[in-house]
Structure formats: structure tokens, C-alpha cells
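Participant: The amino acid sequence is not available; the structure is as follows:
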């Protein structure tokens with residue numbers, strides 16, 4: 001079961017509405033004050049506008065390579081969701097703790113902070129770091145500044161554990177992601193004379209059809225890795241806007257789509273393929289009217305994770321978790337960026353189930369938080385050994 005300290009800290013953390021569109025500075029200031037009370041050194045890495053910040057803290061000898069416990073402070077919106085209780089007030093029912101972010105992933109942050117006093121009370125030979133980032137939910141944007149800082153330092157961490165919800169199973173791989181936005185601009189007019197105009201919806205629909213076809217091809221004959229819950233690369237169209245009335249030829253349409261790519265496949269090659277399709281469609285549009293266009297841009301992207309099963313950070317995480325199995329997941333995290341940008345071997349292991357994230361009445365069980373506390377206590381003992 002979760003300790004009183006973890007529950008109390010989780011209640012405080014979820015009370016901050018750190019939806020990605022908002023600032024996270026109030027939460028960061030609260031955590032800084034808590035760390036100051038424990039005498040723990042910390043530093044901020046702010047966004048260019050100063051409205052959001054990452055927090056990096058070190059317990060133990062900063063001149064030695066250590067282990068990073070990483071998590072994000074932002075959460076997804078509650079807009080349009082029917083919650084049984086206030087999503088920003090922690091509610092305890094039947095061994096479950098309900099709130100936005102309780103599972104993804106303020107529960108992990110609460111455990112780290114709750115055990116920080118224990119970290120200060122032992123002689124750590126290997127330091128433990130906290131890396132709390134912003135804007136993970138909108139493309140792992142915030143952590144990049146923090147990783148640039150770590151990469152420039154003479155001493156880099158030995159490894160990183162990202163505490164995304166995995167039911168405390170060690171995860172060694174996740175897919176890369178490329179999110180794209182395409183906007184078609186044609187010419188509008190009365191639908192009775194439709195052939196005289198460039199229909200933005202119809203042309204953009206061709207791009208959607210091509211994206212769907214790529215996804216079907218990858219599912220049928222692309223690379224596979226059965227450790228993933230979805231064992232192949234996927235294409236997904238999530239948003240399409242266009243048109244105002246049936247009797248008006250639409251002059252603009254927009255779609256958003258994504259590729260989630262196995263680390264063994266080339267995500268940029270898929271982007272290049274769909275960009276080629278877009279260029280062909282645009283040429284057809286311009287042949288009808290030179291003012292027409294089809295613009296394609298990347299909205300967000302992050303690399304995949306492919307940590308070797310025999311890596312030292314995997315062995316350590318399995319020992320801390322008390323289990324020998326490992327898995328791979330289709331969702332993305334900052335883990336791949338820790339490897340790519342800072343050269344830090346990384347795994348994912350945290351409390352809660354990803355199936356409970358991003359929906360109404362999100363929760364984490366107290367049993368999962370208790371298991372995470374055991375995990376971190378074993379890490380403390382390991383770093384003190």
C-alpha cells in the first residue's frame with residue numbers, strides 16, 4: 001500500500017492544473033520549496049518564454065555518474081470528460097486514488113519525492129537525480145532543453161528510469177513517432193459548378209487514403225516485433241476538418257495524422273514517402289489553378305527506444321522490480337531522447353496501467369504506488385552500496 005507521505009504529495013501535485021496548455025511553474029516552485037527543506041540541490045531549465053520549466057535535482061555526490069528518475073509534470077486535458085469527482089482533487093476509493101495525472105504520471109513523481117528524505121539520510125556512493133519535465137504530452141518537447149544541459153556536462157548519468165505507467169514491469173523499447181499536419185488550399189464556389197474549382201477536401205482525402213494504405217501495407221508485410229502490444233508500425237489519421245456547407249466547394253481542409261514506428265524501421269523514410277504523395281497531389285491541384293497548394297509539416301516527433309535486454313540498466317531495473325521479464329510498448333516517452341540526445345541508457349518502469357491514463361476517472365492503485373516505493377527503496381540501497 002502507498003505510504004501517507006506518497007498520498008499526501010500526490011494530493012498536492014494533482015491540485016496543480018498542469019495541462020500542457022498551462023504553465024507548470026507553480027508546481028515546480030512547490031517542489032523546489034520541498035527540496036529546499038531537505039537541503040537537496042536543484043536547478044531549472046526553462047522554456048524560451050520563461051513560462052514553463054524542467055527541474056533537475058541531485059542527491060548524493062554530483063561529481064559521480066548517477067541514476068536518473070525521470071517523469072513529466074504535464075497532464076492531458078479533462079475537457080469533455082465526465083468525471084465522478086473533481087479531477088484536480090485526489091479522491092481515495094476502494095484502494096484506488098483518482099485524479100488527473102494520478103496514473104500518468106504524478107504518482108511516480110510523488111513516490112520519488114516521498115522517498116527523498118530517505119535518500120538524504122544515507123551515504124549515497126552513486127547519486128540519484130530527479131528529472132521532472134514539461135510538455136511531454138505534446139511531443140516530449142520540454143525535456144530536450146534539460147538533455148542538452150546534461151549532454152554538455154563532463155559527467156553523464158549511468159542510466160535513467162522513466163516512471164511512465166507500466167504496472168512496474170520493466171520496458172526496454174517503445175516506438176518512434178512522427179505527427180504531421182497537412183493543409184490543402186483550393187478554390188471555392190457554388191457546388192453546381194464544382195468542376196470549375198479545386199476541391200480542397202477531395203484532394204486532401206487522397207492524402208488520407210494514401211496514409212491509410214501505408215498503414216495497411218505495414219500491418220500486412222512490414223517488420224514485426226511480437227514483444228509490442230501492437231507488433232508492427234502503424235499509421236493513424238486522427239483529425240480532419242474541411243468544408244462549410246454541402247452546396248459550397250471547400251477551399252480549405254486540414255488533417256492531422258501520425259506514424260508510430262518500430263525502432264528497427266526508418267520513420268523519416270515514411271515521412272518522405274507521404275511527402276512525395278503530397279507533392280504529386282499538389283501538382284495536380286496547381287495544374288487546375290496555380291493558386292492552389294498542399295502544405296505538409298511535422299507537428300512533433302521523437303525517437304524510439306531500443307535498449308538491449310542485457311544492458312546494465314535493464315539488469316538493475318529488473319532486480320529492483322523483483323521480476324525477470326521485460327516488455328515493449330507502442331506509446332512514446334522521453335526515454336528515446338535520453339539515449340539519442342544525452343547517451344544515457346534508459347528503461348521505463350512506473351506505477352499504474354497505461355490503460356487508465358488520459359480518460360475520465362483516471363486512477364492509480366495504492367498497491368502500485370507501494371510497489372514503486374519498494375522499487376525506489378531498493379535503488380537507494382543499491383546506490384548506497
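Facilitator: Arrived safely, thanks for sending. Just so you know, these numbers come straight off a predicted model, no measurement behind them.
Participant: Domain-wise, how is this structure divided?
Facilitator: Following automatic domain parsing, the chain resolves into domains at 4-174+304-384, 176-302.
Participant: Of these, flag the one that's most buried.
Facilitator: Highest mean neighbour count among these (mean count of other CB atoms under 10 Å): domain 4-174+304-384, with a mean of 20. (Glycine included, C-beta is placed from N, CA and C.)
Participant: Between its first and last residues, what's the separation in it?
Facilitator: End-to-end distance of domain 4-174+304-384: 25 Å, with CA to CA, to the nearest Å as the criterion.
Participant: Ok, stretch 169-178 next?
Facilitator: End-to-end distance of stretch 169-178 (CA to CA): 26 Å.
Participant: And for stretch 55-75?
Facilitator: The straight-line separation of the ends of stretch 55-75 (CA to CA) is 16 Å.
Participant: For the residue nearest in space to the middle of the chain, give me the pLDDT.
Facilitator: Closest residue to the average C-alpha location of the chain: residue 333 at 3.9 Å, with CA atoms, centre = their mean. Residue 333 is assigned 95 on the pLDDT scale.
Participant: Which strand or helix spans it?
Facilitator: For residue 333, there is no helix or strand it lies in under DSSP states H and E.
Participant: Could you do residue 344 as well?
Facilitator: For residue 344, there is no host helix or strand (DSSP H and E).
Participant: re earlier: mind listing what the residue nearest to the centre of the chain touches?
Facilitator: With contact taken as CB atoms under 8 Å, 6 or more residues apart in numbering, residue 333 is in contact with 136, 140, 162, 164, 174, 305, 348.
Participant: Isn't residue 306 up against residue 173?
Facilitator: Yes. Using CB atoms under 8 Å, residue 306 is in contact with residue 173, at 5.2 Å.
Participant: anything in contact with each of the two?
Facilitator: Common neighbours of residue 306 and residue 173 (CB under 8 Å, 6+ apart) are residue 263.
Participant: Let me know the next secondary structure element after the helix or strand hosting residue 213.
Facilitator: Element membership for residue 213, per DSSP H and E: helix 200-221. Later in the chain than helix 200-221, the nearest helix or strand by DSSP H and E is strand 234-242.
Participant: Packing partners of that next one?
Facilitator: Secondary-structure packing of strand 234-242 (3 or more CB pairs under 8 Å, 6 or more residues apart in numbering; DSSP states H and E): helix 200-221, strand 252-261.
Participant: Can you list the strands that the last one pairs with?
Facilitator: This points to strand 252-261. In the sheet, strand 252-261 lines up against strand 176-185 (antiparallel), strand 234-242 (antiparallel) (DSSP bridges).
Participant: roughly how far is it from the heart of the chain?
Facilitator: Offset of strand 252-261 from its chain centre (CA atoms, centre = their mean, to the nearest Å): 18 Å.
Participant: which element follows that strand toward the C-terminus?
Facilitator: Downstream of strand 252-261 (by DSSP H and E), the next one is helix 267-288.
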